[in-house]
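Q: what follows is a predicted structure for the sequence shown.
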Amino acid sequence: MTTWQGWQDFATAAPPVPPEPGAPPRGREERLAYHSAFVTIRTPAIDALATSVRTLMILGRHQRTTARPSLIVTGPATAGKTTAVLHVGRACHLAEAARRGGMAQGWVPVAYVLVPPGATPKALAAEFARYLGVPVTTRMTQAQITEAVCHTYNRAGVHLVLIDEIHRLNPRTTTGAETADLLKDLTERIAATFVYAGIDVTATPLFSGVRGAQLAGRASLVECGAFPARLGKHEPFTELIAGVEAALDLNAQI
């Protein structure tokens, strides 16, 4: 999914459908294939992220002078951050395509980028370039790659940039600080809403200190974590269990 073709295949694939009530049981291989697909359960974090992304994308269409507001999706490992980001990214991809009446040649509404371990600014810029197939040579400087990325992303009409594994950046190191500066530069030069996802990122130097404050100051927070028993009139944990049970393809339940 870290290339446009891979993302488009993911976003436009038919979502897995659980068996209809009363339908004959599916075979073991069919059930394994179903459970291995991107089966998503709606959670409060997904709902909050979807609402915030829609709002910021609408606001971003009318903002021209400064970096657009962004979002931070944070929480412990295996809390559903990547799932939430991918689900909302796919929904935005399909919504933008429907709004425009289809996918025009060369038009790319959503970008998904993974931060590589120990990323240098040039390596991260190259990941952005790889997503859209921007040609990069070993002799190109970081500035040249960044310029090509910003030009291509704006020309392709990218409205939403999803950056996963953001906790891999450490601005307390020289390389990490330079990479964080690159992110700030990209948010100011690419006309898109940026969503960052990572493990407990609000507790890391990435969003604290002088450099971190510049990123965090423009960002709203969406937390993925434990589900409370009660939240107002809702029972999130009970609703999650019911959603999981409805989504699974089980032969026998107790």
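A: Looks like it arrived, so ask away. Source: prediction; values computed, not measured.
Q: quick check: the gap between Ala14 and Leu94.
A: 12 Å (Cβ to Cβ, to the nearest Å). Just so you know, the C-beta spots here come from the backbone N, C-alpha and C atoms, and that holds for glycine as well.
Q: look at these two and report which has more neighbours.
A: Leu94 (14 against 6; other Cβ atoms under 10 Å).
Q: sec struct for that one, please.
A: For Leu94, the assignment made with DSSP: H, G, I helix; E, B strand; the rest coil gives helix.
Q: that one and Pro15: what is the separation?
A: 10 Å.
Q: cool, and Val244?
A: As judged by Cβ to Cβ, Val244 and Pro15 stand 16 Å apart.
Q: now swap in His62 and tell me
A: Distance from His62 to Pro15, by Cβ to Cβ: 32 Å.
Q: before we move on, what about Ala45?
A: According to Cβ to Cβ, Ala45 and Pro15 sit 19 Å apart.
Q: between the two, which is the more surrounded one?
A: Taking neighbours as other Cβ under 10 Å, Ala45 and Pro15 compare with Ala45 leading, 24 against 10.
Q: let's verify Ile163: helix, strand, or coil?
A: At Ile163 the chain is in strand, as set by three-state DSSP.
Q: does Arg130 touch Thr3 like I think?
A: Yes. The criterion here is Cβ atoms under 8 Å, and Arg130 meets it with Thr3 at 6.5 Å.
Q: what about the helices in the protein?
A: Secondary structure of the chain (DSSP state H): helices at 4-12, 28-36, 44-60, 81-100, 121-131, 142-156, 174-189, 209-216, 236-247.
Q: closest to Val222 out of these?
A: Smallest distance to Val222 across the helices of the chain (Cβ to Cβ): 4.8 Å, for helix 44-60.
Q: how about the closest one: buried residues?
A: Pro44, Ala45, Ile46, Ala48, Leu49, Ala50, Ser52, Val53, Leu56, Met57, Gly60 (16 or more other Cβ atoms under 10 Å).
Q: nearest to Tyr34 among the residues you listed?
A: Once Cβ to Cβ is applied, the member of these that ends up nearest Tyr34 is Ile46, at 20.1 Å.
Q: contacts only, for the closest one.
A: Thr40, Gly80, Thr83, Ala84, His87, Val88 (Cβ atoms under 8 Å, 6 or more residues apart in numbering).
Q: same question, Arg42
A: Arg42 makes contacts with Gly243, as judged by Cβ under 8 Å, 6+ apart.
Q: make 45 the starting number, not 1.
A: All set: I'll call the first residue 45, so the last point we hit is now Arg86.
Q: would you confirm that Pro120 contacts Asp244?
A: Yes. Assessed by Cβ under 8 Å, Pro120 is found in contact with Asp244 at 6.4 Å.
Q: low-confidence regions, the stretch 45-194 of the chain specifically.
A: Confidence mapping of the stretch 45-194 of the chain against pLDDT under 70 gives the ranges 108-111.
Q: what about the residue lying closest to Pro60 once chain neighbours are set aside, distance to Val61?
A: Closest residue to Pro60 apart from its sequence neighbours, by Cβ to Cβ, 6 or more residues apart in numbering: Ala81 at 4.0 Å. Per Cβ to Cβ, Ala81 is found 10 Å from Val61.
Q: got it, and Met101?
A: Using Cβ to Cβ, we find Met101 at a distance of 28 Å from Val61.
Q: which residues does Phe238 bridge with?
A: According to DSSP bridges, the partner residues bridging Phe238 are Val205.
Q: quick one: it from Arg72, how far?
A: Going from Phe238 to Arg72 by Cβ to Cβ gives 42 Å.
Q: out of these two, which sits in the more crowded spot?
A: Phe238 (24 against 9).
Q: was I right about the more buried one contacting Lys228?
A: No. Using Cβ under 8 Å, Phe238 is not in contact with Lys228, being 10.1 Å away.
Q: okay, now the closest residue to Cys136 other than its chain neighbours: neighbour count?
A: Closest residue to Cys136 apart from its sequence neighbours, by Cβ to Cβ, 6+ apart: Leu204 at 5.2 Å. Leu204: 22 surrounding residues under other Cβ under 10 Å.
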